[in-house]
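1. Sequence and predicted structure, then a few things I'm wondering about:
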Amino acid sequence: MEENKKVLLGMSGGTDSSVAALLLQDAGYEVTGITFRFYEKDGNTEYLDDARELCQTLGIPHLVYDARDIFQEKIIRYFIQEYMAGRTPVPCTLCNNYLKWPLLAQVADERGIYHLGTGHYVNKRNINGYWHITCGKDTDKDQSFFLWGLPQSILKRMCLPMSELTKTRVREIAAARGFLKAARKRDSLGVCFCPMDYRSFLKTHVPEGSISPGHFYDEQGHYLGKHEGYPFYTIGQRRGLGIHLNKALFVKEIIPPENKVIISDNLQALEKNEMFLTHWNLVNADTVLEHDDVIVKIRYRKQANRCTVSQLEDGRLHIQLHEPLASIASGQAAAFYRGDVVLGGGIIE
Ligand SMILES: Nc1ncnc2c1ncn2[C@@H]1O[C@H](COP(=O)(O)OP(=O)(O)OP(=O)(O)O)[C@@H](O)[C@H]1O
């Protein structure tokens, strides 16, 4: 498609995408808002009304796309299955890579709209002909960690009005323009369909009897106590284990077929020097493979390790960590960075 001055903006009804609509309009874009119906807790559709009202006020068209079935299938079912397999899922990464951005592109294509916009706190940069996601200016809100899987065909069309803004500034803009509800909306925390503690969600979303109590063991195979069922534990977890031995204890391993959870009192025992990735994406493999200055992150915050990435004959990526890293859980995402540039990422095997 030829580049034009039209943008399809994902609107959640929240502060960021509301301000994004204002800013894109100010910048001279012909904005169309779209709200995806991904998940509605207790049937609450207030977010749809908020997005629609904002579009009405700005005089821009507003589309609604019902993606509940596909979200249920691709994200919620996957989320439950991963925990049931003893793995740690990354629903926001998958939603961005496989649903949100591809759906934006699909609808934009149908309507002859070139640009794709969201209120993500990220930026993008062209390096030697390849578009890369880069960190947003607001380091507290930066969402680059979730966007390593997007193809060039989407990256080149991305329009990111939050890239140079802080959340505080975004709220000020909303208030100054009279969008008081948008200005005061609470930040969304964690996974949109799941409370902060995923355990209560699992309890109500798996068939009765599919999670049953099991046993904790130490690394030598000694029985330590009872647990509530292996899906309720994640690698590295130290709180809420219900075993009191007057020392810090960590989940080291989860063995689903035996419903066993292995506990260690030594964080170093959880450290690894390598990991393997599947479902990976590298923006420009030449700048990543076999270089010794790549940073890998497996957590959204407070962790960054140097590594060397190689491709194996079976297609997986091998990550050699330069210093050991604790609590690597299969199913989690790993994202590669050089400075503020996202080079790619993958799913930990
Ligand atoms: N249901 C949705 N429909 C369309 N776009 C969405 C939807 N949910 C999120 N988005 C887009 O993805 C961006 C990032 O979403 P996320 O939920 O991570 O951020 P957020 O901080 O809650 O954003 P906002 O303040 O706009 O709600 C949003 O700013 C918006 O542009």
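-> The structure has been received and is ready for your questions. Residues are numbered from 1 along each chain as shown.
2. tell me the domain ranges of this structure?
-> Following the assignment in automatic domain parsing, the chain carries domains at 6-184, 212-265, 269-348.
3. Which one of those domains lies nearest to Thr204?
-> Each of these was checked against Thr204 via Cβ to Cβ, and the shortest separation belongs to domain 6-184, namely 10.6 Å. (C-beta placed from N, C-alpha, C; glycine too.)
4. And the ligand, is that closest one touching that?
-> Yes - shown here: domain 6-184 in contact with the ligand (Cβ under 6 Å from any ligand atom) through 10-12, 14-17, 34-36, 38, 100, 118-120.
5. Between its first and last residues, how far does that domain reach?
-> From its first residue to its last, domain 6-184 covers 29 Å (Cα to Cα, to the nearest Å).
6. Ok, stretch 296-306 next?
-> Taking Cα to Cα as the criterion, the two ends of stretch 296-306 lie 6 Å apart.
7. With mean neighbour count and mean pLDDT as new columns, can the domains of the chain be given to me in CSV?
-> Rendered in CSV, the data for the domains of the chain read as follows (neighbours: other Cβ atoms under 10 Å; pLDDT from 0 to 100):
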stretch, mean neighbour count, mean pLDDT
domain 6-184, 19, 96
domain 212-265, 15, 95
domain 269-348, 17, 96
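8. In JSON lines: those domains, plus distance to Lys203.
-> Rendered in JSON lines, the data for the domains of the chain read as follows (distance: least, Cβ to Cβ, whole Å):
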{"stretch": "domain 6-184", "distance to Lys203": "11"}
{"stretch": "domain 212-265", "distance to Lys203": "9"}
{"stretch": "domain 269-348", "distance to Lys203": "20"}
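9. picking up where we left off before, among the residues of domain 6-184 next to the ligand, which are located in strands?
-> Filtering the residues of domain 6-184 next to the ligand for membership in strands, criterion DSSP state E, returns 10, 34-36.
10. Closest one of the residues you listed to Leu321?
-> Looking at those and their distance to Leu321, the nearest is Gly10, at 35.2 Å (Cβ to Cβ).
11. and the gap between that closest one and Phe36?
-> When distances are taken as Cβ to Cβ, to the nearest Å, Gly10 and Phe36 turn out to be 7 Å apart.
12. Make TSV out of the ones in strands among the residues of domain 6-184 next to the ligand and add distance to Pro231.
-> Supplementary listing: these in TSV, determined by distance: Cβ to Cβ, whole Å:
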residue	distance to Pro231
Gly10	31
Ile34	35
Thr35	32
Phe36	28
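13. Let me know the closest of these to the ligand.
-> Closest approach between these and the ligand, by Cβ to the nearest ligand atom: Gly10, at 2.7 Å.
14. Beta-bridge partners for that closest one, please?
-> With beta bridges defined as DSSP bridges, Gly10 has these partners: Ile34.
15. how much space between it and Asn123?
-> For Gly10, the distance to Asn123 equals 17 Å [Cβ to Cβ].
16. Also Ser264?
-> From Ser264 over to Asn123 the distance is 40 Å, taken as Cβ to Cβ.
17. do you know which of the domains of the chain lies nearest Phe201?
-> Across these, Phe201 has its closest neighbour in domain 6-184 (8.4 Å, Cβ to Cβ).
18. before we move on, the earlier item: now for Gly10 and Phe36: what residues contact both?
-> Overlap of the contact sets of Gly10 and Phe36 (by Cβ atoms under 8 Å, 6 or more residues apart in numbering) consists of Lys100.
19. Residue of this structure closest to the ligand, please.
-> Nearest residue of the chain to the ligand (Cβ to the nearest ligand atom) works out as Gly14 at 2.0 Å.
20. Name the nearest residue to that residue, ignoring sequence neighbours.
-> Counting by Cβ to Cβ, 6 or more residues apart in numbering, the nearest residue to Gly14 once its immediate chain neighbours are dropped is Lys185, at 5.5 Å.
21. Same check on Asn128?
-> In space, Asn128 is closest to Asn284, 7.0 Å off (Cβ to Cβ, 6+ apart).
22. The one you found and Arg338 touch, don't they?
-> No - using Cβ atoms under 8 Å, Asn284 is not in contact with Arg338, being 10.8 Å away.
23. ok, the residue in the chain sticking out farthest from the centre to Ile263 distance?
-> Among the C-alpha atoms of the chain, the one farthest from their average position, using Cα atoms, centre = their mean, is that of His222, at 37.1 Å. Taking Cβ to Cβ as the criterion, His222 is separated from Ile263 by 10 Å.
24. do Leu9 as well
-> Using Cβ to Cβ, we find Leu9 at a distance of 48 Å from Ile263.
25. what does Ala182 give?
-> With Cβ to Cβ as the criterion, Ala182 and Ile263 are 46 Å apart.
26. What segments of the stretch 51-200 of the chain are helices?
-> Ranges of helices within the stretch 51-200 of the chain are 68-71, 77-84, 91-94, 101-111, 152-155, 167-176, 180-184, 198-205, based on DSSP state H, counting those that start in this stretch.
27. so which of those gets nearest Ala329?
-> Comparing these against Ala329 with Cβ to Cβ, the closest turns out to be helix 77-84 (10.0 Å).
28. packing partners for that closest one?
-> Using 3 or more Cβ pairs under 8 Å, 6 or more residues apart in numbering; DSSP states H and E as the contact definition, the elements that helix 77-84 packs against are helix 91-94, helix 198-205.
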